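1. any chance you can model this:
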Amino acid sequence: MLFLPEFLRLRGALALLLFVAVVMPGFAAAQERTLRLAGVVSEARMAPLIVSLSVHLPGTRLVYSRLSSAQIAAAARRPHDAPFDIAFLSSPDVAVSIANEGYAISDEAAGAMAGVQWRNEVFGFWSDPAVIVVRKAAFENRVPRTRIELVRMLEQNTGRFARRVGVVNVGIDDVGYLLASQDSIRTSLYWRLIRALGGAKARIYDTTDDLLEALQAGDLDVAYNVPLSALRAGGELPQGMEVLVPQDYVLAVPWTVLMPKGAANLREARILLHMLLAPEGKAALVAAGFVPPQQPSGFEGLQKIELGPELLVFRDMIKRSRFLDAWFQMVVG
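-> Below is the predicted model:
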């Protein structure tokens, strides 16, 4: 039989054990800060970068979520409870749109570190060239090296290239739409090229991944405006395929990063942003496969798309609708 003092001491000990078992793990977990990242790249591809960056953020757990650029834009517009603290966007026009509407945090120190930035709110951290992939055996005499050469070959050989040319659906893919709109203002040849794609009954794929799968399967002889990063991430191309760097010009898309105003952990987000733009961040990017094109060899005509309000022109709904109508009428007929 327990006397009252012994019973009280036992009850107190049990209460202490219960507190340690239930409350302390939660307290310990609260000490580990969580930094939420969002991006359009797959988790597998971002994993090496996250590991490299986390080394410089002890006590902070980096959690990455893959979202579409539209989902990132919608979430960033939440005033108080954005589901991420920092976002990576391969569509700079979407990033500029978010900032232009007042939903991005400014950071002057990061702006001074970044080689490319807009209003100290959108920061370029990498540049992704768009290339053309061709099957050399499909061209009897000479592989095309410029857009006008490609256009002429398609126009003169519609039967040979019928259903053998692939493009990404610019009405679905944001990077594809950006590249198409930038092409249209950089060369008067663009709409002739689109007509040639239509004459060849080009196949339209929803995503770049789908386009690359078709290349791997041997279904295509030409793939137009393919991000170089996607090719590198997709592994070796089939034998006989060649990556063509157009000699007339090469569009390079800046990948961007921003912090939404609804970020819950802004302090760590700023630290990661500064780290990403610092030399150690560039090394982490290279380790993760974000390798810049070798210049000047092969990329003499590189034209980097600039960050700024001019990217909003083709974000206008009326202009976008007209552009897509013209594109699909020419490609699909």
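
2. what pLDDT does the model give V20?
-> We note a pLDDT of 34 for V20 in this prediction.

3. ok, now which ones touch Y249?
-> For Y249, the residues meeting the contact criterion (Cβ atoms under 8 Å, 6 or more residues apart in numbering) are R186, T187, G301, L302, Q303. (C-beta placed from N, C-alpha, C; glycine too.)

4. now do 10 Å
-> For Y249, the residues meeting the contact criterion (Cβ atoms under 10 Å, 6 or more residues apart in numbering) are T146, R147, D183, R186, T187, E300, G301, L302, Q303.

5. which two from those end up farthest apart in space?
-> Among these, the pair separated by the greatest distance (Cβ to Cβ) is D183 and E300, at 18.3 Å.

6. who has more neighbours, the two?
-> A count of neighbours by other Cβ atoms under 10 Å puts D183 above the other of D183 and E300, at 20 against 11.

7. Three-state assignment for that one, please.
-> Assigned state for D183: helix (three-state reduction, DSSP: H, G, I helix; E, B strand; the rest coil).

8. let me know whether it touches L189 as I believe.
-> Yes. Applying Cβ atoms under 10 Å, one finds D183 in contact with L189, separated by 8.8 Å.

9. so what sits against both of these two?
-> Common contact partners of D183 and L189 (Cβ under 10 Å, 6+ apart): R147.

10. quick check: buried residues in the helix or strand containing G176?
-> Here G176 is covered by helix 174-186, with elements defined by DSSP states H and E. For helix 174-186, a neighbour-count test (16 or more other Cβ atoms under 10 Å) marks D174, V175, G176, Y177, L178, L179, A180, S181, Q182, D183, S184 as buried.

11. turn these into CSV, columns for pLDDT and distance to T34.
-> Converted to CSV, the buried residues of helix 174-186 look like this (pLDDT from 0 to 100; distance: Cβ to Cβ, whole Å):
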residue, pLDDT, distance to T34
D174, 95, 28
V175, 96, 29
G176, 96, 34
Y177, 97, 34
L178, 97, 32
L179, 98, 35
A180, 98, 38
S181, 97, 37
Q182, 97, 37
D183, 97, 41
S184, 97, 43
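
12. so which of those comes closest to P129?
-> The closest of those to P129 turns out to be L179 (Cβ to Cβ; 10.4 Å).

13. let me see the contact set for the closest one.
-> With Cβ under 10 Å, 6+ apart, L179 has these contacts: A130, V168, V170, D173, Y224, N225, V226, P227, L251, V253, I305.

14. closest to Q329 out of these?
-> Checking these against Q329 by Cβ to Cβ gives V170 as the nearest, at 12.8 Å.

15. how many neighbours does the closest one have?
-> Other residues within reach of V170 by the criterion other Cβ under 10 Å amount to 23.

16. tell me which element Y224 is part of?
-> Going by DSSP H and E, Y224 is in strand 222-227.

17. I figured A73 hits F84, correct?
-> No. Taking contacts as Cβ under 10 Å, A73 lies outside contact range of F84: 11.9 Å.

18. and for the two, which residues touch both?
-> Applying Cβ under 10 Å, 6+ apart, one finds that A73 and F84 are jointly contacted by L67, P260.

19. so the two - more neighbours on which side?
-> F84 (25 against 21).

20. measure that one to V63 for me?
-> From F84 over to V63 the distance is 9 Å, taken as Cβ to Cβ, to the nearest Å.

21. and if you look at A110?
-> To V63, A110 is 21 Å away according to Cβ to Cβ.

22. so for these two, which sits in the more crowded spot?
-> Taking A110 and V63 together and counting by other Cβ under 10 Å, A110 has the greater number of neighbours (22 against 12).

23. secondary structure element for the nearest residue to that one once chain neighbours are set aside?
-> Nearest non-adjacent residue to A110, counting by Cβ to Cβ, 6 or more residues apart in numbering: L273, 5.1 Å away. In this structure, L273 sits in helix 266-277 according to DSSP H and E.

24. give me the helices and strands touching the following helix or strand past that helix, please.
-> Secondary structure here is assigned by DSSP H and E; on that basis, the next helix or strand after helix 266-277 toward the C-terminus is helix 279-287. Helix 279-287 makes packing contacts with helix 43-54, strand 122-135, helix 266-277 when contacts are defined by 3 or more Cβ pairs under 10 Å, 6 or more residues apart in numbering; DSSP states H and E.
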